[in-house]
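>>> Sharing a model that was predicted from the sequence below.
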Amino acid sequence: MYDVLIKGGRVIDPAQGLDGKRDVAVSGDKIALVADEIPAMECRKVIDAAGKIVTPGLIDLHCHCYDGGVPDGLLPDDAGVKQGVTTVVDAGSAGQAIFGGLPKYVIPAARTTVFCFLHLGSQGLSIMPEIRDWEEIDLEATAAVIGAHPGLIKGVKLRLVGNIVASAGVKVVEMAKETAGKFGLPIMIHIGDLKRQVSPTLTREFLPLMESGDILSHVFTGNMGSILLEDGSVMPELRAAAERGVVLDIANGRNNLSFEVARKGMAQGIMPTTLSTDVVLPSLTTLVYGLTVTMSKFLALGLDIKQMIEMTTINSARALRIEDRKGSLKPGMDADVSVLEILSGTWELADSVPETLRVTELVSPVLVVKAGKVIPSAPVAQPPRIG
Ligand SMILES: [Zn+2]
């Protein structure tokens, strides 16, 4: 007897090269079976997924869910299970000095699985732009916090903004790399400097330091630090980084996605590895909303649904090094499943420039099965339908 059966949906599981009508059965908190036909009588609870898309639980590789810990931090479930997403990553909201509340109060209260990147700056994003002074970097204390949270902290975050990065440039990236390297973890580096403080050549200078598995956030930013050269071509350092296996993450956000840069980058063969939201409390109700809305933007920009499922499941799981238990529906994996639908109508979705895309399809969450429990989607807000 299985606990939950998700019946008759189009199952897309890129890790297994699977795209077709299948039934998915869950026992306890693990995937039990994926097959053409599993009898309903063998299951305690049956979900009719006819006409829906069934995928491994979506993973949002970049959001800010330190509710109460930093300004604009949201609740993990508001970016997570309420939006059809079963795992979220807090992308460096906290540095070592303020990290404690995340594992102590925020994460235990969430139904969504949460992983974290620890900010190199001790105070994280509590005051932005951060790292105004060298005293905000304490490598020993940062290493101690990483060491105290194995399995939860998945790497070191640094944003290429602010005074110290502007004056010391690559040296600060090296400090992040050295600290993460002690634990065999990747770095996550934010490009895109709204205040135009950092050197315009910094992106070309630090990219050679990025290794396979390191994460470049805001790959299609339109701000200072962009991956495009003056003539609109992709910088050779970015192409080389992509070929080495550096993870190119979208991290949608309010300020660092340009559809024009995305079009130019993708036309030159630079595809994102992962799609993520960079959602914060104010952008839950405008511009970003959640992961399925970011997917809708890239659907309109020409990616297909299978590519996007890959970029939000197995690719994100690999970036977190959890692909042995999440990111696929293979039997024995965690019972994290997302059920989505593609709605028809008219919506306007904007980037940060702002440019508005008029789209006719919206990817929309229906429910998740999370650790074997069924949770209907209830996003705080979705883009208004205009037709
Ligand atoms: Zn962010």
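Thanks, I have the structure now.
>>> Residue 14 and residue 382, how far apart?
Distance check for residue 14 against residue 382: by Cβ to Cβ, to the nearest Å, it reads 25 Å. Placement of C-beta: from N, CA and C, glycine included.
>>> after the longest helix along the chain, next one along is what?
If you go by DSSP state H, the chain has its longest helix at helix 170-181. For helix 170-181, the following helix or strand on the C-terminal side (DSSP states H and E) is strand 187-190.
>>> Quick check: pLDDT value at the residue in the stretch 1-150 of the chain positioned nearest to the ion.
Nearest residue of the stretch 1-150 of the chain to the ion, counting by Cβ to the ion: residue 91, 4.7 Å away. Listed pLDDT for residue 91 reads 98.
>>> and if you look at the one 3 residues further on?
We note a pLDDT of 98 for residue 94 in this prediction.
>>> The one 4 residues further on too?
Model confidence at residue 98, given as pLDDT, is 98.
>>> what's the neighbour count on the residue nearest to residue 335 when sequence neighbours are not counted?
Spatial nearest neighbour of residue 335, chain neighbours left out: residue 26 (4.3 Å); criterion: Cβ to Cβ, 6 or more residues apart in numbering. Neighbour count of residue 26, defined by other Cβ atoms under 10 Å: 28.
>>> Residue 26 sits in which helix or strand?
strand 18-27.
>>> Could you do residue 319 as well?
Per DSSP H and E: helix 314-320 holds residue 319.
>>> what helices or strands is that helix leaning on?
Under the contact criterion of 3 or more Cβ pairs under 8 Å, 6 or more residues apart in numbering; DSSP states H and E, helix 314-320 touches strand 58-63, strand 85-95, strand 247-249.
>>> hmm, try it at 10 Å
strand 53-56, strand 58-63, strand 85-95, strand 113-119, strand 153-159, strand 247-249, helix 305-312 (3 or more Cβ pairs under 10 Å, 6 or more residues apart in numbering; DSSP states H and E).
>>> Quick check: which of the ones you listed is buried the most?
strand 58-63 (a mean of 31; mean count of other Cβ atoms under 10 Å).
>>> and the helix or strand following that strand, how far out from the chain's middle?
Later in the chain than strand 58-63, the nearest helix or strand by DSSP H and E is helix 76-79. Centroid separation between helix 76-79 and its chain, computed with Cα atoms, centre = their mean, to the nearest Å, is 12 Å.
>>> all numbers from here: first residue = 14
Noted, 14 is the first residue going forward, which turns the last one into helix 89-92.
>>> export helix 89-92 as CSV, just CAs?
Output of helix 89-92 as CSV, limited to C-alpha atoms (Å, rounded to 0.1, in the frame of the first residue of the first chain):
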residue,chain,number,x,y,z
PRO,A,89,10.7,30.2,3.7
ASP,A,90,7.2,28.8,2.9
ASP,A,91,6.2,32.0,1.1
ALA,A,92,9.0,31.3,-1.5
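>>> Give me the mean pLDDT for it.
Rounded mean pLDDT across helix 89-92 is 98.
>>> same question, stretch 277-292
pLDDT averaged over stretch 277-292 gives 98.
>>> Look up how far residue 342 lies from the residue located most distally from the centre of the chain.
What lies farthest from the middle of the chain is residue 54; by Cα atoms, centre = their mean that is 37.3 Å. For residue 54, the distance to residue 342 equals 22 Å [Cβ to Cβ].
>>> Tell me if I'm right that residue 220 and residue 200 touch.
No - look at residue 220 against residue 200 with Cβ atoms under 10 Å: they stay out of range, at 12.0 Å.
>>> what are the phi and psi values for the residue lying closest to residue 349 once chain neighbours are set aside?
In space, and not counting its chain neighbours, residue 349 is closest to residue 70: 2.8 Å by Cβ to Cβ, 6+ apart. Here is the backbone geometry of residue 70 (degrees, to the nearest 10): phi -50, psi 130.
>>> Residue 70 and residue 380: what is the separation?
Going from residue 70 to residue 380 by Cβ to Cβ gives 11 Å.
>>> Check residue 345 too.
Counting by Cβ to Cβ, the gap from residue 345 to residue 380 is 22 Å.
>>> So which of these two has more stuff around it?
For residue 345 versus residue 380, neighbours defined as other Cβ under 10 Å are more numerous around residue 380 (20 against 10).
>>> Spit out the contact partners of the more buried one.
19, 60, 62, 65, 94, 97, 350-353, 387-391 (Cβ atoms under 10 Å, 6 or more residues apart in numbering).
>>> elements contacting the helix or strand hosting residue 176?
Element membership for residue 176 (DSSP H and E) is helix 175-181. With contacts defined as 3+ Cβ pairs under 10 Å, 6+ apart, helix 175-181 has these neighbours: helix 183-194, helix 215-219.
>>> Would you mind listing the buried residues in the longest one?
Across helix 183-194, burial judged by 16 or more other Cβ atoms under 10 Å covers 183, 185, 186, 188, 189, 190, 192, 193.
>>> Summarise which helices and strands it is packed against.
Using 3+ Cβ pairs under 10 Å, 6+ apart: helix 183-194 touches strand 126-132, helix 152-161, strand 166-172, helix 175-181, strand 200-203, helix 215-219.
>>> How many residues are close by whichever residue of the chain sits closest to the ion?
Minimum separation of the chain from the ion (Cβ to the ion) falls at residue 291, amounting to 4.2 Å. Neighbour count for residue 291, taken as other Cβ under 10 Å: 26.
>>> next one: residue 241
Neighbour number of residue 241 under other Cβ under 10 Å is 21.
>>> so what's it bridging to?
Applying DSSP bridges to residue 241 gives these bridge partners: residue 247.
>>> wait, doesn't it sit right on residue 274?
Yes - with contact defined as Cβ under 10 Å, residue 241 reaches residue 274; the gap is 6.0 Å.
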